[in-house]
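>>> Below: sequence and its predicted model.
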Amino acid sequence: MNLTIDQINAMRPVVLPELPQWSRDGNEIALVLTLGGEPEIWSVRADGGFPTRLTTGLGGVRFLGSRSPRRSPDGKWIAYIAETNDAAEVWLWSAESGAMRQLTRLGANIGGMSWSPDSQTLVIANNRYGNYNIYRVEIADGATTRLTTGALYDVYPVFTPDNQHIVFVRMNEAWTDHAVTIIPARGGTERLVARDTNFFDYHYGLTFGYPLVAPDGKTVLFRSHRSGYINYWQVSMNGGVPTQLAPEDADQSEATWSPDGSRVAYISNHNGTLELRVVARDGTKKNLVAPTLGACALPQWSPDGSRLAYLFQTPTTPSDLWVVDVVNGATRQLTNAMIGGNAHDQLITPEKIAYKSFDGLEIHAYLYKPSKIPAGKKCPGILWIHGGPTSQWSDLFYGHTQYFAQQGYVVLMPNIRGSTGYGRAFEDLNLRDYGGGDLKDAVAGAEFLKTLDYIDANKIAITGTSYGGNLSMAAVCFAPNAFQAAIAMSGYGSQSDRMKMDGEDEQELRHRQRLRYALGDPEKDADVYRRVSPLYFTKNVTTPTFVLHGEGRRPRSNACRDFAQALEKEYKTVRYKAYPNEGYYVMSPKNTRQMWLDMIEFLNQYLGD
């Protein structure tokens with residue numbers, strides 16, 4: 001018996017992806033949960049038990065924004081970010097009284113926040129004057145002092161352990177270079193600590209991350225692509241030549257120093273399996289949590305350094321909070337997002353496969369197939385393309401894939417060229433070639449499906465959101481006979497239109513920066529922008545296409561509507577729908593449910609028996 005759409009749609013994490021915050025005594029962990037319906041800060045005991053709610057009315061955040069809860073070193077406060085009057089502001093929750101109060105009134109956005117060691121001050125990055133600069137914020141009265149005033153983005157600041165300096169990241173205009181910079185805590189002469197180049201930062205600093213100053217204040221860690229993979233590098237606070245912390249052919253992320261500075265915990269990505277590792281100052285490494293299939297995230301040390309809190313999920317279990325003993329590796333699950341009954345046993349565990357693309361390049365992918373395929377039955381297939389394109393399918397829980405597989409579709413989720421997680425060379429293969437080699441990787445995925453004896457070779461669809469929507473549009477225009485149905489979700493048919501600043505479109509700066517990096521100058525390289533834009537090639541379409549997106553909130557775009565209208569003008573078979581009360585991407589449970597039903601109805605019409 002298959003799970004219902006409502007059961008699968010309800011399997012959403014109750015733990016949001018925010019850093020767990022230990023109490024000073026190590027007995028409790030604060031985190032953002034959705035147990036009451038809306039996100040709030042809750043506290044759960046480190047030895048287990050039902051969480052205690054700390055905040056009421058935490059407030060929302062901007063699209064892709066973070067609440068960034070941070071407990072003060074003295075334990076008296078939890079600072080967090082909430083959208084207030086259409087701006088991101090810092091708020092405080094008092095551990096003594098439980099009261100919540102607004103601290104800042106800068107009326108802008110925030111790009112990083114950290115406590116001072118004495119708990120008297122916060123340091124933030126804020127774009128009140130158009131560019132991100134560094135500000136001190138006094139806890140006593142909310143008074144702010146602007147410390148940097150330059151035109152470049154200054155983001156993700158932290159205090160040094162002695163409270164005397166602030167270390168932050170300064171990005172160049174193209175967001176490809178990062179300068180780890182130090183400044184006196186009350187402002188003054190800046191000094192360069194380290195410079196990293198040729199590392200495009202789509203999230204204006206977040207990809208590079210906070211500079212991680214060691215507890216003794218002598219060393220700082222930072223992420224770099226210079227080895228061919230994103231690894232952590234360490235350098236003296238006095239400058240010098242950086243060295244790799246734990247060299248490996250794998251991307252590393254979310255590092256954190258142990259309280260005594262003797263070890264660093266970090267996440268290591270191996271073909272989508274995200275391991276929690278620890279490396280000592282002498283280079284000794286330990287795979288602390290190394291799942292066969294699963295993804296660790298956001299590790300945080302307990303105050304005594306004996307345990308790490310982290311989030312963990314698998315393709316058949318949503319994300320939950322766990323704790324691991326650093327010495328013996330024993331783990332404990334502290335929250336449980338899985339619905340009751342035997343739902344877990346009815347979910348589908350994917351197979352990790354690899355296939356060769358047109359040029360011999362190996363493409364890794366996840367293969368989901370219905371759990372019970374009758375003898376002789378031929379199933380339709382779906383190529384599901386991830387967004388980004390600098391992103392990656394990994395060992396996460398994907399409700400949409402579970403639903404479609406349970407409806408009788410075999411789903412292949414390939415990490416096509418341009419994906420992260422497989423090294424710099426692989427990631428750069430789609431530069432100036434959107435809808436080229438990466439589309440051929442998707443077509444090769446369809447050919448792989450056709451080799452499976454339970455696949456109907458004449459019933460294969462392609463779909464995806466954001467860049468997955470782009471590639472679905474590209475598939476029907478540039479490879480018109482490769483797929484028998486396509487669903488383009490929240491995609492962009494014209495890359496040149498994305499560079500424009502007119503109309504109702506809200507093409508954020510990060511999108512335009514990414515296009516400049518990937519495709520070149522929109523004027524000098526106009527031929528590239530047009531060549532990779534399926535909107536101009538709709539006359540080639542032979543595939544029934546469903547185009548959908550959300551509308552009503554930010555971010556907005558007309559791109560899906562424009563693509564659907566272009567298909568209509570060419571008398572192509574197209575269906576179009578916009579879901580209300582959403583940004584451009586459909587995310588709410590209610591609309592997600594309806595969208596899945598609409599997609600299944602469309603696929604059944606064109607791929608069904």
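Here it is on my side, so go on. Numbers count the residues shown, from 1 in each chain.
>>> my guess is Met63 contacts Glu582, does it?
Just to correct that, residue 63 is Phe rather than Met. No - in this structure, Phe63 is not within contact of Glu582 by Cβ atoms under 8 Å, at 10.5 Å. Yep, even glycine has a C-beta here, placed from its N, CA and C like the rest.
>>> Which of the two has more residues huddled nearby?
The neighbour comparison of Phe63 against Glu582 (other Cβ atoms under 10 Å) goes to Glu582, with 21 against 14.
>>> Quick check: that one vs Ala526, distance?
32 Å (Cβ to Cβ, to the nearest Å).
>>> Can you tell me the closest non-neighbouring residue to Leu439?
Spatial nearest neighbour of Leu439, chain neighbours left out: Ala474 (5.2 Å); criterion: Cβ to Cβ, 6 or more residues apart in numbering.
>>> What helix or strand is the one you found located in?
Element membership for Ala474 (DSSP states H and E) is helix 467-478.
>>> so Asp6 sits in a helix?
Yes - using DSSP: H, G, I helix; E, B strand; the rest coil, the assignment for Asp6 is a helix.
>>> Find the residue closest to it in space, skipping its chain neighbours.
Nearest residue to Asp6 in three dimensions, chain neighbours excluded: Arg593, at 7.2 Å (Cβ to Cβ, 6+ apart).
>>> ok, now Ala290?
Per Cβ to Cβ, 6+ apart, closest to Ala290 is Glu275, 4.7 Å.
>>> burial measure for the one you found, as a count.
When neighbours are defined as other Cβ under 10 Å, Glu275 has 18 of them.
>>> where do the strands sit along the stretch 101-250 of the chain?
110-115, 121-126, 133-138, 144-146, 154-159, 165-171, 178-184, 191-196, 212-213, 219-224, 231-236, 243-244 (DSSP state E, counting those that start in this stretch).
>>> Reformat those as TSV; add mean pLDDT and distance to Leu92.
As requested, those are exported to TSV (pLDDT from 0 to 100; distance: least, Cβ to Cβ, whole Å):
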stretch	mean pLDDT	distance to Leu92
strand 110-115	96	11
strand 121-126	98	9
strand 133-138	98	10
strand 144-146	97	14
strand 154-159	98	17
strand 165-171	98	20
strand 178-184	98	25
strand 191-196	98	30
strand 212-213	98	24
strand 219-224	98	28
strand 231-236	98	31
strand 243-244	96	39
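>>> returning to what we had before: correct me if wrong: the residue nearest to Leu439 contacts Asp441.
No - applying Cβ under 8 Å as the test, Ala474 and Asp441 come out as separate, 11.7 Å apart.
>>> what's the overlap in contacts for these two?
The overlap between the contact sets of Ala474 and Asp441 (Cβ atoms under 8 Å, 6 or more residues apart in numbering) is empty.
>>> mean confidence score for the helix or strand Tyr403 falls within?
If you go by DSSP H and E, Tyr403 is part of helix 399-406. Across helix 399-406, pLDDT averages out at 97.
>>> Ok, stretch 415-432 next?
Computed over stretch 415-432, the mean pLDDT rounds to 97.
>>> for that stretch, which positions count as buried?
Judged by neighbour count (16 or more other Cβ atoms under 10 Å), stretch 415-432 contains these buried residues: 415-424, 426-430.
>>> Ok, stretch 592-602 next?
Across stretch 592-602, burial judged by 16+ other Cβ under 10 Å covers Thr592, Arg593, Met595, Trp596, Asp598, Met599, Ile600, Phe602.
>>> Let me have the residues you listed in a markdown table, adding distance to Ser224, secondary structure and pLDDT as columns.
Converted to a markdown table, the buried residues of stretch 592-602 look like this (distance: Cβ to Cβ, whole Å; DSSP: H, G, I helix; E, B strand; the rest coil; pLDDT from 0 to 100):
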| residue | distance to Ser224 | secondary structure | pLDDT |
| --- | --- | --- | --- |
| Thr592 | 37 | helix | 97 |
| Arg593 | 42 | helix | 97 |
| Met595 | 39 | helix | 98 |
| Trp596 | 40 | helix | 98 |
| Asp598 | 44 | helix | 98 |
| Met599 | 40 | helix | 98 |
| Ile600 | 44 | helix | 98 |
| Phe602 | 44 | helix | 98 |
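>>> For this protein, which segments count as helices?
5-10, 343-346, 399-406, 424-427, 437-450, 467-478, 495-498, 509-519, 526-531, 559-569, 589-607 (DSSP state H).
>>> Give me the angle between the third one and helix 589-607.
Our comparison of helix 399-406 with helix 589-607, counting by axes from the mean of the first three to the mean of the last three Cα atoms, to 10 degrees, yields an angle of 40 degrees.
>>> tell me what helix 399-406 is packed against?
With contacts taken as 3 or more Cβ pairs under 8 Å, 6 or more residues apart in numbering; DSSP states H and E, helix 399-406 sits against helix 5-10, strand 362-368, strand 379-385, strand 410-414, helix 589-607.
>>> Now those in TSV, please, with extra columns for distance to Arg226.
Shown next, in TSV, are those (distance: least, Cβ to Cβ, whole Å):
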stretch	distance to Arg226
helix 5-10	42
strand 362-368	24
strand 379-385	29
strand 410-414	28
helix 589-607	40
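>>> and the gap between the closest residue to Thr463 other than its chain neighbours and Arg12?
Leaving aside its sequence neighbours, Thr463 sits nearest to Ile487 (Cβ to Cβ, 6+ apart; 4.0 Å). Ile487 is 22 Å from Arg12, where distance means Cβ to Cβ.
>>> Could you check which of those two is surrounded by more residues?
Between Ile487 and Arg12, counted using other Cβ under 10 Å, the more crowded position is Ile487 (26 against 14).
>>> Who is that one paired with across the strands?
Beta-bridge partners for Ile487, by DSSP bridges, are Thr463, Phe546.
>>> That one against Asp598, yeah?
No - look at Ile487 against Asp598 with Cβ under 8 Å: they stay out of range, at 9.0 Å.
>>> who's in contact with the residue lying closest to Thr573 once chain neighbours are set aside?
Of all residues not flanking Thr573 in the chain, Pro544 sits nearest, at 4.3 Å (Cβ to Cβ, 6+ apart). Neighbouring residues of Pro544 by Cβ under 8 Å, 6+ apart: Gln484, Ala485, Ala486, Thr573, Val574, Arg575, Phe602, Gln605, Tyr606.
>>> Narrow the residues you listed to those that are buried.
Using 16+ other Cβ under 10 Å, the buried ones in the contacts of Pro544 are Gln484, Ala485, Ala486, Val574, Arg575, Phe602, Tyr606.
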